[in-house]
Structure formats: C-alpha cells, structure tokens
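A.B. asks: Predicted structure and sequence below. I'll ask about it afterward.
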Number of protein chains: 2
Amino acid sequence: MTRLLIADDHNVFVEGIESLISGSSEIEVVQRCYSASSVIETLKQVAIDVVLLDVSFPLIDDGLGLCEQITRLYPQTKIIALTMHDDASLIKRMVKKGAQGYLLKNTTKMELLQAIRTVAEGKQYFNETITHVLLNDEPRFRKSIAGAGLKPNLTPRESEVLTLMAQGLTTHQMANQLFVSDKAVEFHRSSLLMKFGVHNTALLIKTAMEMQYID
Amino acid sequence: MTRLLIADDHNVFVEGIESLISGSSEIEVVQRCYSASSVIETLKQVAIDVVLLDVSFPLIDDGLGLCEQITRLYPQTKIIALTMHDDASLIKRMVKKGAQGYLLKNTTKMELLQAIRTVAEGKQYFNETITHVLLNDEPRFRKSIAGAGLKPNLTPRESEVLTLMAQGLTTHQMANQLFVSDKAVEFHRSSLLMKFGVHNTALLIKTAMEMQYID
DNA sequence: GAAGAGTCTAGGGTTTCCCCTAATTTTCAC
DNA sequence: GTGAAAATTAGGGGAAACCCTAGACTCTTC
C-alpha cells in the first residue's frame, strides 16, 4: 500500500484527485495539506511514501523550497510535482531539488496512478509532454530525463570516468590517469550524476550497476 | 599475463622468487627494483599489475611510504607486502596504506603464486598466519581480514547504515533516520569501509552489491 | 558559417566524506 | 559478574565530493 500525501491548496483539485484514487487498492490518501508547514508537520508524524506537490504560480518558490526540504529531511519520501505550466526551467529546478516525477494538471487518471506507482518503486516518472519540453532545452538534460527510468546515453569520457569511479579512484587519481585536470573529471562526474538523476556517488554506483554500465 | 615488479633489496631472495615464477605461464617478472625511487620510476614507464613489496625492518617507513605512494599514484597497481615479521600493527598499517596482500618470507611457491593471482583479480590475499595474528589484535579487524575475499559479518547497525547509504542518504540524513548522532553514522561507515577493505563510498557500494549485501 | 555536442579548464564556495584518537554505555556470553 | 563485543558520542583536521557560473576549443552537422 502506497501512502500518499496531497499538498495542494486548490480544494476542488484535491477532491478530484482523491476521488480518482479512492478506487485504487494499492494507493491510500493519508493526508491533504494546504500549506508547506502542515506538510512538514505531517511528515514528522506519519510515514509517507509519495507526496503529490502542487507548484502553482504564486507558490513557486514555496514549492521549490518545500521540495528541497522534504528531500533533505525525508529522503525516502518521493515527490511528484504537479503544475499547470510546462516551463522547462521550473521542471529542471524541481528535479534538481529532488522531485522524482512531474505531471501537468491536465493529466489522466491512468497517468496519475502510473506516476505514483513508478516513483513509489524508486524510479523517475516524466510523461511525454514533459520530456518534450526538456528535449528542447538544455542539452545535458536530454539523454537523462528523456530516458528517465531508461538507460542514459553516456559520452566516451563519461563512461571512462564511471568505470574508474567504480574502481574506487578519487577525482585526482582519475585526472592523472586520463591526463586531464581535476576540474574536467569533476565535470564528467557531475554530468553522470545528472544523467542518472542522483545526487551522490553511492547512488550513482548502485544505479549504474543495476543498469549494467558497470561489471 | 600478470605483469609483476619485485621491490626488494635482498638479491638472493629476489632471485629465488624469480626462479619460482619463471615456470609460470601466467605471471611475468617485468622488473626488479632495489630502491623506492626506482620502483616509482619503473611504474612511470611500464604498466605493472602487481608489486611484490619488501617491508624489511630498516626500511619499514620506506615500505609504508612507498606503498602509500604507489596506491596514490597508480591505484590500479596491486601490492603484496612481503616481510619476515608478523607484527600485527605493521600488517594493519600496510593494509591501510593500500596493500591488497601480505606474505611472510617463509611462504611457499604455491602460496606466492596464489597470492599474486588473487590480488591480480582485484581481491585481497592474507594467509592463515597473518589472519591469526590479526585475530588476536583489534576486534574491528577480525571479521574483515579474517574473511578477506569472503563476506564480512556486519553488525545490525552496520547493515542499516549500508542499506541507507545505498539509498543515497547522506551521513546527516542517516543520523536523523536512525536517531543517532552524525558521528555514530560516520563510525559505522568507516567500519564498513574497513570490513570490506575499501577506501571510499564508490567501491564500498560496488563491493557490497557484488557480495549481495544490497539489492 | 552557425549551431550543437563533447570536451576541457577555471574560480570559488559549501558540504560530505574519511581518518585519528579516545572515552562511555549497553549487551551478551562464559 | 567479568570480560568481550557492539554501539554510541566527541573533537579536530584534511581531503574529496558537490554545486554554480562561465569561457574556450574541437568536430560534426545542417
């Protein structure tokens, strides 16, 4: 049973979602929250698997901040960002702040359920509209988000760095081995983190192994 | 073909080893070195898989320093420490400086070849005498070295920390989750690094996954 | 030739990791 | 109940990782 929290101050919308989900046997709406503080308060008291987080215009910064806060305080709670707008930079920022999924508010019931299921399993979920928006934006995001859940395409250098990382080399050691500066290696590592949608070495290695980039 | 470098200033011993190995079709003695500087010089020019490193008494510090240097500069070159003495603290220090194996000079041909083979594959090699010495020393070393190449036994806490690390949590996040201080988490992580015989998160995660502690 | 992708480098800043030493408390087995 | 192992905490220090911005150089493609 996936335990869901809905963070949205649009009553009508929340009720809509609740009725959509009420029929599901695998998802349970544990709480509705109309403010950032009540979200944090709830997470403090109840175990939540997935947060459906509204990022409406007047609250963009709150949404971002809240997303970051949830990720930092409750790293195992997954976040799906909900918005009316398909602004590329906003989507990117949400992802960077820890959102595992992104949905437009005109989503279907099927997609909503699928998104919740997907992120609950620890994967990322982005629909076609979103990936399309990102495809037309920053290049480094393409392969990663476009293939969310799927395998990102690595450049030759990135593959080399990944392999060396898996052998336990430090940035400096890799730099010596590849005859480039430490900064170059750092750049490729951060590209890897981004493409795999993770935030540190531990998860990078684990994810890369699961996707069979290593071994 | 494993490319071997022998770093030992005892001529007789070196020749003995060479004749022992000369019959092997899988190991090739690429170079003999009688000083630390010539070892580094050689590594600079030739690719070496394994270094047999003497740690005789008058050169203990040199041996340690050289071991550290090799690990730092050529992290993919494996090191087997050779010594006449089974001093626990020296063994531990060598391991910490990056030695993957440790042999007493009264070793047999079979064991020597086995040790070279083992470390060349990226595993650790310690014989029974060595493990026995360590067993009677620091507790934290026991399970790890005793089970070198085998699976270390983790305490419940260590398992928890390992699992959370694999989920990408930072030290601070794990500390919150486990309701302990950051220092406690750091301690368990360093225990994990020691038990798995690795020096950073990347290799820890990779090794732990290979040994199926994760997933 | 302009755009895109990949690579490399740089500077500066913050956080996390990793190591060392050292001490206390709890838990469990003999 | 005594000792061994596990778990906890602490403080300090240094290295490595991570983030951000930003410029420059190739090569290929349109």
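C.D. replies: Yep, it's here. Residues are numbered from 1 along each chain as shown, chains lettered A, B, ... in the order given.

A.B. asks: any chance you could map the strands in chain A?
C.D. replies: A:2-7, A:27-33, A:50-54, A:78-83, A:101-104, A:125-126 (DSSP state E).

A.B. asks: Please read off the pLDDT at the residue of chain A most remote from its centre from the model.
C.D. replies: Distance from the centre of chain A peaks at A:Phe179, with 33.9 Å (Cα atoms, centre = their mean). In this model, A:Phe179 is scored at 89, pLDDT.

A.B. asks: And the one 10 residues further on, by the same measure?
C.D. replies: The score at A:Arg189 is 92. That number is its pLDDT.

A.B. asks: how close does the residue farthest from the centre of chain A get to B:Asp49?
C.D. replies: Taking Cβ to Cβ, to the nearest Å as the measure, A:Phe179 and B:Asp49 are separated by 21 Å. Quick note: C-beta positions are derived from backbone N, CA and C, even for glycine.

A.B. asks: repeat for A:Arg3
C.D. replies: As judged by Cβ to Cβ, A:Arg3 and B:Asp49 stand 52 Å apart.

A.B. asks: same deal with A:Gly122?
C.D. replies: Using Cβ to Cβ, one gets 38 Å for the distance from A:Gly122 to B:Asp49.

A.B. asks: Which of these two has more residues huddled nearby?
C.D. replies: The neighbour comparison of A:Gly122 against B:Asp49 (other Cβ atoms under 10 Å in any protein chain shown) goes to B:Asp49, with 18 against 12.

A.B. asks: quick check: domain ranges of chain A?
C.D. replies: Using automatic domain parsing, the domain ranges for chain A come out as A:2-138, A:156-210.

A.B. asks: does the longest one come close to DNA strand D?
C.D. replies: Right, the one you point to is domain A:2-138. Yes: counting by Cβ under 7 Å from any atom of the strand, DNA strand D is contacted by domain A:2-138 at A:Lys96.

A.B. asks: Could I get the average pLDDT for that domain?
C.D. replies: Averaging pLDDT along domain A:2-138 yields 80.

A.B. asks: From the chain's centre, how far out is it? Work that out for me.
C.D. replies: Relative to the chain's own centre, domain A:2-138 is displaced by 10 Å; criterion: Cα atoms, centre = their mean, to the nearest Å.

A.B. asks: coming back round to it: of all the strands of chain A, which one comes closest to chain B?
C.D. replies: Checking the strands of chain A against chain B by Cβ to the nearest Cβ gives strand A:78-83 as the closest, at 11.5 Å.

A.B. asks: Could you give me the buried positions within stretch A:4-18?
C.D. replies: A:4-8, A:13-14, A:17 (16 or more other Cβ atoms under 10 Å in any protein chain shown).

A.B. asks: any chance you could map the helices in chain A?
C.D. replies: With helices called from DSSP state H, chain A shows them at A:11-22, A:36-45, A:60-73, A:88-96, A:109-120, A:128-135, A:139-146, A:156-166, A:171-178, A:182-196, A:201-210.
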